[in-house]
Structure formats: C-alpha cells, structure tokens
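S.K.: Provide a 3D model corresponding to the input given below.
(one chain, ligands or ions: 2)
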Amino acid sequence: MRFTHVSLKNFKPYDDADLDLRDGVTVIHGVNGSGKSSLLEACFFALYGSKALSGTLEDVVTTGEEDAEIELEFVHDGGSYRIERRIRISGDRATTAKCVLEGPDGTVEGARDVRRHVASLLRMDAEAFVNCAYVQQGEVNKLINASPSQRQDMIDDLLQLGKLEEYRERAGNARLGVEDVLTSKRSVLDDIVSQIEQKEDAALHARLNALESKLAEKDEKIANYESQREKAKSTLDAAQATLDEHAEKRERLAEVESAIEDVQLKVAKDEAQRDKLTERIRELEDELDDVATEIETALAETDFDDATESAIAARRTEFDERESTIREELSDARQQAQALETQAERLRERATDLEGRAEEKRDAADADESTATEAATELESFREKRRDIQSSLADIDEQFADAPVDRGAAADLLDERRRDRSEARESLAETETELKNARERLEEAETLRDAGKCPECGQPVEGSPHVDAIGDRKAEVESLVSDRDELESTVESLDSAVERAERLVKFENRADSLSETLSHLDERIEDRETTVESRRESAEEKREAAAELEDEAAAKREAAETQAGRADEAAERVDSLEADLESLETRRERVGRVESLVETRAEKRDERERLREKRETLAEVNRERREHLVDRRNRRDELREAVDESAVESAKNSKQKAETYIEQVDGVLPDLRDQRDDIQSQIGGVQSDLERLDELRERRDELATRVDALDSLHEEVSTLESTYGDLRADLRQRNVEVLERMLNETFDLVYANDAYSRIRLDGEYGLTVFQKDGTALEPEQLSGGERALFNLSLRCAIYRLLAEGIDGAAPLPPLILDEPTVFLDTGHVSRLVDLVEDMESRGVKQILIVSHDDELVGAADDLVRVEKNPTTNRSTVERTDAPELASVLADD
Ligand SMILES: Nc1ncnc2c1ncn2[C@@H]1O[C@H](COP(=O)(O)OP(=O)(O)OP(=O)(O)O)[C@@H](O)[C@H]1O
Ligand SMILES: [Zn+2]
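M.R.: Ligands and ions are numbered 1, 2, ... in the order given. Modelled structure (predicted):
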C-alpha cells in the first residue's frame, strides 16, 4: 500500500496544499511549526477519521475557517483508492459533512463505513496502524515502557493471533455448555440409579409373599368372629322377643285397668249430670206456670180469649188490612189538605196582586187629574197675556197711521233715507273742496294782480288779456257758497228724516217680536186645552179600571176563604186517621205480647221434653257401661294371671350375656378389618413399587446412552479448545523467535557498539538487553538516545515481521517516521540512514520521514519542503525532485 497524492484545504495550518507522493524515501523538510507533522496527520486522518486524532474534530479545521477538506489517494493490492473528507464547523461543533471512499469495488459513504472499510482493507484499525507503521513524534518510550502483556496484545493483534483466541474462547463456551447439560443429565441419572438400588434392596417379591399370607390369616380370624357374633345375635333376639311379649302384656293390663278407671269416672260424671237435669226440669215447670198466668193477663187486655196461633194470625191479617185502608185514606186526606191549602194561598196572593194594581190605577188617575188642573191654570194666564199683546200691537199700528209707509216697509224706508243723506253729504264735501280751491285761486290771482302781474299766466299785466279773470273767480266763489249752504240745509232735513225712519223701524221690530210671541202663545194655549181634556178623560178611565180590579180582588178573597175552610176539614180528617193508626198499633202490640208469651211457653215445654230425653239417654248409657265393666274386670284378672316373672328373669340374663359378647366382638372386629385393609394397601404399594422399578430401569438405560453421547461430545470440544490454544502459543513462540532475531539484526545495524552483546525477547514478550560481560539490563535503564534507537529497532523489526509474515495477503502501509532523529547524535543519524536503506532494500516500497536533519535529507529520493508564511501564518508545501536536491543541499 502506498500513498500517491494528498491535497488539503484549510487543514490545520494549510491553506491550499497539493502533494504527489512517490515510491521510495520521501523526506518532509521545514522549520519548527511549519506544518510537517500536520501533513502526516492529514494522511492518517484521511484513513481513519476522528479515531486518528488525539484532539477533537474541531482542531483539524484552520482557526477562523468553516470548512476543511482532505483528499488522499493511494494504491493497495493493485487497486487505486481515493478518500475524500469534508469537515464543517457549525456553531462550536465540527461534523463530518462528507466522507467517501472510492475504490475498484465501488464507493463507500459515511465516516463509520469508510473507517471500517479501510480497517478491513489494511487489516488494521487506527491503533494497529500506529503500532505498526506510524512512529509518531516523541513516542520513544511507549513500547519500552509497555508491560509484556500489553506488548503481547499489541503484537498478537497485529499478527491476527487474536482470532485464534476468539475461536478458542468459543470452543471453551461450547465445552462449558456441554458440561452444564452433562452435569444435569448425570445428576438425574445418579438419582435414578440410587432409586433403583433402593428398590432392589427392598426385596419386594419376598415382602409381597409375606403380606399375602398375613392377609389370609386375618381373613380367617375375621370370619370366625363374625359367625360367633351371628349366634350371639340370634340368642339376643330370642330373649328380646320374650321380654317384648311380657312388656306388651303388662301394657295391655295397664290399659285395661286405666279403661276401667275411665269408665267408672264417666259413670259418676253422668250420674251427676242426670241430677242437674232433674233440677232444671223442675225449674222449667215452675216457669211454665208463671207464663200461663201472664198469658191469661195479656188475653184479658185483648178482645179474644183463645190464644191459639190461628186466632192470632187471623187477627194480624185483619190488622194489616185495616192499616192499609187507613194509610190509603190518610194519604188521600193529606194530599187533599195540601192541595186546598195551596189553592187558598194562591187565591190570596192573586187578590193581593189585584188590590195592588187597583191602587196603582187610582194613583195614576190622581196624577192625571192634578196635571189637568195645572194645565187649566196655565191656560188662563196664557189667555190674559194674549190680550195684553194684542193691545200693544194696536198701539204700534196707530204710530204707522200717518207714516209714509205701512208697517213692514220701514226698514226699506230707512235705507232709502240714509242713502239720500250720504249722497247729500258727498256733494257737500265736494262743493266745500271746490270752494276752497276757488278761494285759493282767487287769492293767488289777487296777489299776482297786486304784484302787477297777470293773474292768469303770471306775465306782466301790461297788455294782458286776462285781467278780468278775477271777477270770474269771485263769481265762482259766490256761486259755490250758495251751493254749499243749500246742500247743508238738505243734509239737515235728511238727518231728521233718517231719525224718523229709525223710530219707525224700532216700532216695526217690536211689532214683529210681539206677533211672534203671540203665535207661540196660541200654540201653547192649544196644547194646554188638549192636555186638560185628555187628562181628565184618562183619569176617569183609570178610576173605572181600579173599581173593576177591586171587585175582582174581593171575589178572589172569598174563594180563598172557601178553599181554606175545606183544607181545615181535610186536616181534621188526617188527624183522626192518624189516631186510628195509633190505636191499631197498640192493639197489635198486645196481640204480639200474647204471641211471644205463647212462643215462650212452647219453647219451655220443648226444653223440658229435651231434658227429660237426655236424662233417659244418660241412664241408658250408664246401664250399658256397668255391663261392660264386668267384662273388663274379668279380662284384667286373666291378664294378671298371665304375667310369668321367672321367664322374664331368665330372658334378661341371656340377653345380658349376648350383648356383652357382641360388644366385645364389635371392639375387636374394626381393628382386625383395619389391619386387613392396611395389609391390602401395603400389597398395593409393593405392587406399584415393582411397576415403578421397571419404569426406572428403562429411564436409566435411556439416560446412560445420552450421557455417553455427551461425554464424547465434551471430549471433542475440549480437544478443539486446547488445539486453538496450542496453535496460538505455537505461533506466538515462532513469532517471538523471528522478532528476536530481527530485533537483534536491526539493533546491531543502528547501534553497533561493544557494550551490548544481544537483546532477548522471551516467550512472554519480556525484553532484556545483555551487556558484553553477560549482565542483563532492563530497557528502561538505557540512555535517551539508546532508547530511541532501541525503539526504532523494535518498531522496524515489528514492521519487518509483519511485512514478511503477511505480505502478499495485505501489503503494508508506508513506513512513517516522524522526527526519528531527535535524540540522536550525528553518528547515529547516519546509522539511521543505513536503517532506512536497509528497510528499503528489504522491499519496503514507501518510506515517509519528517526530519530537518541534513543527513537524512541527503538520503531522500524525494524532498518535500514545508513553509509557513510568517504574516498569514498559513503553510504551503512544495515537492522538490531528486535532481534539484543537490542544489538545495549545495545552498546550505
Ligand atoms: N487548526 C489550526 N489552524 C491553524 N493553525 C494550526 C491549527 N492547528 C495547528 N496549527 C498550527 O500548525 C503548526 C503545527 O504544525 P506541525 O506540528 O505540523 O509543525 P512541525 O513542522 O511538525 O513542527 P516541529 O518541527 O516543531 O515538529 C503550529 O504552528 C500551529 O499553530
Ligand atoms: Zn298772462
């Protein structure tokens, strides 16, 4: 495997970097802090991502930038690969935004998948890569200080010996699993075997025989007891029968005796009863005598002397008929009385009603009369008024006798007169205005004339034709004055004419009003005359009607009296009928009394008869009882003789004995039966044990087969487990030997010095350095430079072991050395050059070395120069081809 190209963007100090890498030794050269280590880190990071970092993912992105890009191209096992990663800062965290691996078999994406793919491709993870190929700056003591087991783990891991351990463990787990199953099966088997042994020890068949003979014995014993018990039982039953018989006889005797006693008692009781009956019969006879006397007394009060039932019944029938007749009559009389009473009452009411109406009529007649009288008085006064008005009218007509018009035309006359007067007044006013104007004009003309001017036109008078006008005007004034005077007297005469007409109008109006009053009066007079006449007629009629009504009322009253008298008669009849009923009732009661006494007498006679019969019956019964008693007494005597006391005694004895025996047997038999049952169940147990034994034997055989199979499986698995273990130990031992040899070769090459003879690597990876004189030293005891050389030797030896051990299957990555010269003096630097050449000669295809040592630079096939811009603090990388190397070196 070889790196062919790396390109960076914003990776740590790098801005943009592009670098081709070639086979052979490449030395990366530059001052401290220029970015050399970062370049190697970039390649490592490209392969393994964050696992390759000692810091965090954020650290790889140039401070202040947001994106970093790393691209690594490499060839491996004949194929070309390219890995691209992009890291993005978001917030204060960095994430892998892109991670792609392109190879001959396709593309892998995602940080995890890419890392896994690289690990399987190179057959090493990030840690293994560092352990094998990448000697990091300042790690000199890492391997030396590591404990042997750490070293062992590391180298085993590199050589893939870990797989064998894994297989061994798996086999071990399988073995443990088999062991578990085996153990449990075995313990089950053991358990079954011991159960079988127990059962075999128990000699089951012998026990079965013994138990069966014991059972036969018990059965016989039980049968014996049972037959004996049967005998005792029959003895007992016989004795009991004898005893029962005697007991029954005694019982019967007792019964007979008590029966005799009962009968004697009953006889005595019935005799006492008969005495009581005799007594009562005597009492009844006394009572009957009393009743006979009472009947006689009662009969005396009635109108018959024979108190027979038929006589009483006939009398009752008669009473009933009589009563119904009376009741019928009574009901008729009551109805009649009621009806007559009602009629009388109605007639009275009618009379009262008529009287009331007559009175009303009379009142109305009186009212009419007084209305007529009032109207007559008014009529008189109206007629007087009429005469007064007619005389006033005659006076007014006299006024019109010398008037210019007749009565009726006065108003027209007044209108005419007033019209004439206003015309005259208008003419007067016009004339006065004209007069005033004529006087003014005269005055003006006289003024003009006095001023010497023409009074007509105002021109100077000389030669004027109008001077004479003054005379005209004067004449005009005078004529107007006479007109006015005339008009004034006309107006005066018209004023008095108007006054006269006005007076006439007043008379006329008065006459009209009087005429109207007169016609009203005439109407009223006519009205009153009618009233007087009609009212008087009406009063007369009403009085006649009242008299008729009064006559009618009197007739009604008379009729009412007649009916009332008849009603009284009917009421009297009702009273007498009621009295009849009452006396009938009294008679009936008397008959009832006789009847009840007769009944009482009959009852008492009956009772006396019944009692006599009863007394006779009792006597008869007692006679019979006495006869019976004789029989009973004979029977009692017989029974007394039949009871044999000695037989009873012997029966009691044999019963006692039989009971005792049965009791004893009953005490023993249940136990015996229990014992027999117990033996039977024991026999059942032994039989089932025998069956179980057979089952167990079968099961044991099955389990034994299974345990055998498991045993052989266990053996196989154990063998497999130890084989893996042995194989690993074997391989490791071989590796240790090879590694020890290579380590010594390399150490000799870089540190040929007389002090040390050889280095020993033991089977447990313990390292020991031997001095020439044979004393052993721990590697920690070496000097710093020696330790650096020792470390390099060990690392190169491991690299060689791997290269030679697994090359072909997975070509190794380049050998990468970061600052290997730090602790070395000049002499040893040249040894290092030798080591590098040796490695190259042994077939290591690509070696990358970071160093600023000139001697190493000189050994390089390619030189890469790294520089950092002091102002921007960003690094750049530049490859210098080998031919230019000389000039570079020449410059120094
Ligand atoms: N994320 C980062 N962004 C910018 N610069 C970084 C970042 N990480 C590291 N640097 C710088 O990179 C430089 C370290 O680079 P590197 O360790 O590769 O140098 P070197 O050439 O190997 O030095 P030396 O010769 O001392 O070993 C330092 O100057 C450090 O400041
Ligand atoms: Zn004039």
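S.K.: what about the closest residue to ligand 2 within the chain, which helix or strand?
M.R.: In the chain, the residue that lies nearest ligand 2 is Cys457 (2.7 Å; Cβ to the ion). Yep, even glycine has a C-beta here, placed from its N, CA and C like the rest. Under the criterion DSSP states H and E, no helix or strand holds Cys457.
S.K.: per-residue confidence at it?
M.R.: Listed pLDDT for Cys457 reads 72.
S.K.: nearest residue to Ala803 other than its sequence neighbours?
M.R.: Leaving aside its sequence neighbours, Ala803 sits nearest to Leu812 (Cβ to Cβ, 6 or more residues apart in numbering; 5.2 Å).
S.K.: sec struct for the one you found, please.
M.R.: coil (DSSP: H, G, I helix; E, B strand; the rest coil).
S.K.: That one touches Glu804, doesn't it?
M.R.: No. Checked against Cβ atoms under 8 Å, the pair Leu812 and Glu804 is beyond contact range at 10.0 Å.
S.K.: of the two, who's got more company?
M.R.: Comparing Leu812 with Glu804 by other Cβ atoms under 10 Å, the one with more neighbours is Leu812, at 23 against 13.
S.K.: and the gap between that one and Arg86?
M.R.: According to Cβ to Cβ, to the nearest Å, Leu812 stands 28 Å off from Arg86.
S.K.: now do Val686
M.R.: Per Cβ to Cβ, Val686 is found 90 Å from Arg86.
S.K.: who's more crowded, the two?
M.R.: For Val686 versus Arg86, neighbours defined as other Cβ under 10 Å are more numerous around Val686 (20 against 17).
S.K.: Find the residue closest to that one in space, skipping its chain neighbours.
M.R.: Val686 sits nearest to Leu208 (Cβ to Cβ, 6+ apart), 4.9 Å away.
S.K.: residue contacts, that neighbour?
M.R.: 683, 686-687, 690 (Cβ atoms under 8 Å, 6 or more residues apart in numbering).
S.K.: which bits of this protein sit near ligand 1?
M.R.: Contact residues (Cβ under 6 Å from any ligand atom) of the chain with ligand 1: 12-13, 30, 32-38, 59, 61-63.
S.K.: Narrow the residues you listed to just the buried residues.
M.R.: The neighbour-count test (16 or more other Cβ atoms under 10 Å) marks 12-13, 30, 34-38, 61-62 as buried among the residues of the chain next to ligand 1.
S.K.: In helices only, show me the residues you listed.
M.R.: The helices, defined by DSSP state H, take in 36-38 from those.
S.K.: For those, give me CSV that also has pLDDT.
M.R.: Output for those, formatted as CSV (pLDDT from 0 to 100):
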residue, pLDDT
Lys36, 91
Ser37, 90
Ser38, 92
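S.K.: residues contacting His714?
M.R.: By Cβ under 8 Å, 6+ apart, the contact set of His714 is 175, 178-179, 182.
S.K.: Quick one: buried ones out of these?
M.R.: 175, 178, 182.
S.K.: Now secondary structure too, for the residues you listed, in TSV please.
M.R.: TSV is the format used below for the buried ones among the contacts of His714 (three-state DSSP):
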residue	secondary structure
Arg175	helix
Val178	helix
Leu182	helix
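S.K.: Can you pull the residues of the stretch 401-550 of the chain lying near ligand 2?
M.R.: Within the stretch 401-550 of the chain, the residues that sit near ligand 2 (Cβ under 5 Å from the ion) are 454, 456-457, 459, 464.
S.K.: Out of the residues you listed, flag the one nearest to ligand 1.
M.R.: Taking Cβ to the nearest ligand atom as the measure, ligand 1 lies nearest Cys457 of these, at 146.3 Å.
S.K.: Before we move on, what's the pLDDT of the residue lying closest to Tyr167 once chain neighbours are set aside?
M.R.: Nearest residue to Tyr167 in three dimensions, chain neighbours excluded: Tyr724, at 4.8 Å (Cβ to Cβ, 6+ apart). Model confidence at Tyr724, expressed as pLDDT, equals 86.
S.K.: Was I right to think Tyr724 contacts Lys163?
M.R.: No. Contact between Tyr724 and Lys163 fails when scored by Cβ under 8 Å: they sit 9.4 Å apart.
S.K.: Of the two, which one has the most company?
M.R.: More crowded of Tyr724 and Lys163, by other Cβ under 10 Å: Tyr724, with 19 against 13.
S.K.: doesn't that one fall inside a helix?
M.R.: Yes. Tyr724: assigned to a helix according to three-state DSSP.
S.K.: Please report how far it lies from Gly162.
M.R.: Remark: distance between Tyr724 and Gly162 (Cβ to Cβ) = 12 Å.
S.K.: what does Ala52 give?
M.R.: From Ala52 to Gly162 the distance is 21 Å (Cβ to Cβ).
S.K.: burial measure for Ile312, as a count.
M.R.: Neighbours of Ile312 (other Cβ under 10 Å): 18.
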